[in-house]
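A.B. asks: Prediction below, plus the sequence it came from.
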Amino acid sequence: MITNFYLLVDCDGVTFNTEDKAFANMRRRGIDFNDQMAITNAFATEDWYDLFEGGEINGSIAKLQKLKESHEFIDVEALSTFSLFNKKEYTSNELEAKYDNYALRLPGIKPIFVPCTMPKHISEQHRVKNSILVDNSLNNVLGWAKAGGPAVLFVRNLDECFPNHGKVIAPYTFGANQPYFIIDDLDELINVKKMLIDYQLKTTYFGDDETIKKVIDMPTEEFFLSPLFADFLATLKDEDKIDCYFDYDGVVVDIFAIAKSDINKRLQEIKKQDLENGIVRDAKDYFVEFKMRNGNPWDYVIDDYFINLDWNNLLERARVIDDAFQTISNIKGSDIFRTVAIASSRNTYQNEGIAKANSSNNYGITTLSIPKRIKKPHAIPAPNNILVDDSLSKVYDWLKANGIGVLFLEQHKFTIPSDERPYYIIGKHSDVLKVLYLENYLKKQKTNNDKKYTK
């Protein structure tokens, strides 16, 4: 487990505003921005002392000095590429200008230079895994992350690029193709380090700890009767309890099968009318796939269906998934969680919320009706609480708000988070108790290791 990191911060576009001035010069010279070699050669012929007149970015100089003096990192260094004309010859004063500007403005930061022909993760391969790279080049960041190093993409304005995502965007927030952090403020790098250590604790113990392996492999019913779970319940304090929320559609009740069947019957009626009127369409245009939307010409049919839907009738016909109401009621009655409720996204303004609430009230379960346009973390408290949802995008929304995300796939094997997938997967509602156990177990491991790894 790595708890001490080097911090390697790019020069151009992260620390100093040299790139903007260089690109402005290129535009005046008529450089073709689709020609990468032309851009490389333009950088190789710039007056870099003039480019450094562009100044710093977002107070980077003071922030880097502060990070250096914080002793949170083994060292803070600049890792910068330098341009070569035709990717062969060094023709500018770039290195001299960078050395002089770091010596003058950031005397405590050692600059390291890498030719533009060599990827940064190759030049620093001896320390990729214990060095955090901060760069505004997505290629550099992805290369570093794929080599196994912690990477941070630096953008100028996080709110403008990614509205309502907070000050630090964690890896995999936007899926498996984003294995890096995103920030716009170098002050957040201490939080990035903390998140890295916390995440390592979780993934390390998931991979190596025998107790966790037992929990993963043990059948759910056997786990509830095990000494492990009994000991956990005996030591669970009220102040350690968390909330657990279940989605309704697709987790508690399978409304989609009935809705899809109803809509497809209506499309077959439209197909019959089209044939009578001499209109011929592809057969697939008269069929709606799972969860309705597939971009066909009949989206208005779907809209009309839900606008006029009698939700009481739909819920009477729909299948309750694996006796979900009774299982959730039992979990609530166990008093293991602080709160257990159903958190349902309301799709319509008809009787949807009332119908869903009535169906769960019979089991003593509250159903919270959240308008679809409002994300669940904005309506109910996410930090350190569990959400079970069949929508991956909603699970990611929950994770981004520091919640414990659980994807529900009916009858799926209990699956723990991994480097590529930061959420649990469960196929039984009762498996949330395994999630609760593991999260508490990992917190104890973190507490025990904080003393060991704190400077």
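C.D. replies: That came through fine. Numbers count the residues shown, from 1 in each chain.
A.B. asks: contacting residues for the residue most central in space within the chain?
C.D. replies: The chain has Thr173 as the residue nearest its centroid, 1.4 Å off, counting by Cα atoms, centre = their mean. For Thr173, the contact set (Cβ atoms under 8 Å, 6 or more residues apart in numbering) comprises His165, Ile182, Tyr396, Leu399, Lys400. All C-beta spots, glycine's among them, are computed from the backbone N, C-alpha and C.
A.B. asks: Is it in a helix, a strand, or coil?
C.D. replies: The three-state label given to Thr173 by DSSP: H, G, I helix; E, B strand; the rest coil is coil.
A.B. asks: Look up how far Tyr363 lies from it.
C.D. replies: 35 Å (Cβ to Cβ, to the nearest Å).
A.B. asks: confidence score at Leu442?
C.D. replies: With respect to pLDDT, Leu442 scores 80.
A.B. asks: Please apply the same query to Gly175.
C.D. replies: Looking at Gly175, its pLDDT is 70.
A.B. asks: Give me the neighbour count for it.
C.D. replies: Residues contacting Gly175 under the criterion other Cβ atoms under 10 Å number 12.
A.B. asks: Next: the one 10 residues further on.
C.D. replies: Around Asp185 sit 15 other residues, with neighbours defined as other Cβ under 10 Å.
A.B. asks: Would you mind putting the CA coordinates of stretch 348-361 into PDB?
C.D. replies: Extracted as PDB, the C-alpha positions of stretch 348-361 are listed here (Å, rounded to 0.1, in the frame of the first residue of the first chain):
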ATOM      1  CA  THR A 348     -45.200  11.500 -14.200                       C
ATOM      2  CA  TYR A 349     -47.500  13.900 -12.400                       C
ATOM      3  CA  GLN A 350     -50.400  11.400 -12.300                       C
ATOM      4  CA  ASN A 351     -51.100   9.100  -9.400                       C
ATOM      5  CA  GLU A 352     -47.600   7.500  -9.500                       C
ATOM      6  CA  GLY A 353     -46.300   8.700  -6.200                       C
ATOM      7  CA  ILE A 354     -49.500   7.900  -4.300                       C
ATOM      8  CA  ALA A 355     -49.800   4.400  -5.900                       C
ATOM      9  CA  LYS A 356     -46.200   3.500  -5.100                       C
ATOM     10  CA  ALA A 357     -46.500   4.800  -1.500                       C
ATOM     11  CA  ASN A 358     -49.700   2.800  -0.900                       C
ATOM     12  CA  SER A 359     -48.000  -0.400  -2.200                       C
ATOM     13  CA  SER A 360     -45.200   0.000   0.300                       C
ATOM     14  CA  ASN A 361     -47.200   1.300   3.200                       C
END
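A.B. asks: Pro119 contacts Leu142, correct?
C.D. replies: No: counting by Cβ atoms under 8 Å, Pro119 does not reach Leu142; the two are 10.0 Å apart.
A.B. asks: ok so, going back, now, which of the contacts of Thr173 lie within strands?
C.D. replies: Applying DSSP state E to the contacts of Thr173, the entries found in strands are Ile182.
A.B. asks: wait, which of the contacts of Thr173 is closest to Asp10?
C.D. replies: Ile182 (14.3 Å; Cβ to Cβ).
A.B. asks: just the strands in the stretch 1-150 of the chain please.
C.D. replies: If DSSP state E, counting those that start in this stretch is used as the criterion, the strands of the stretch 1-150 of the chain fall at 6-9, 75-82, 110-115, 131-135.
A.B. asks: Okay, now the unreliable bits of the stretch 101-250 of the chain?
C.D. replies: Within the stretch 101-250 of the chain, the segments meeting pLDDT under 70 span 200-209.
A.B. asks: Tell me which stretches of it form helices.
C.D. replies: 120-123, 138-146, 158-161, 189-208, 210-217, 220-224, 227-235 (DSSP state H, counting those that start in this stretch).
A.B. asks: Can you lay out those as TSV showing distance to Phe43?
C.D. replies: Listed next are the helices of the stretch 101-250 of the chain as TSV, based on distance: least, Cβ to Cβ, whole Å:
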stretch	distance to Phe43
helix 120-123	16
helix 138-146	15
helix 158-161	24
helix 189-208	27
helix 210-217	50
helix 220-224	59
helix 227-235	59
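A.B. asks: I'd like to know which of these lies nearest to Ile426.
C.D. replies: Closest approach to Ile426 among the helices of the stretch 101-250 of the chain (Cβ to Cβ): helix 220-224, 9.1 Å.
A.B. asks: got the buried residues for that closest one?
C.D. replies: Across helix 220-224, burial judged by 16 or more other Cβ atoms under 10 Å covers Phe223, Phe224.
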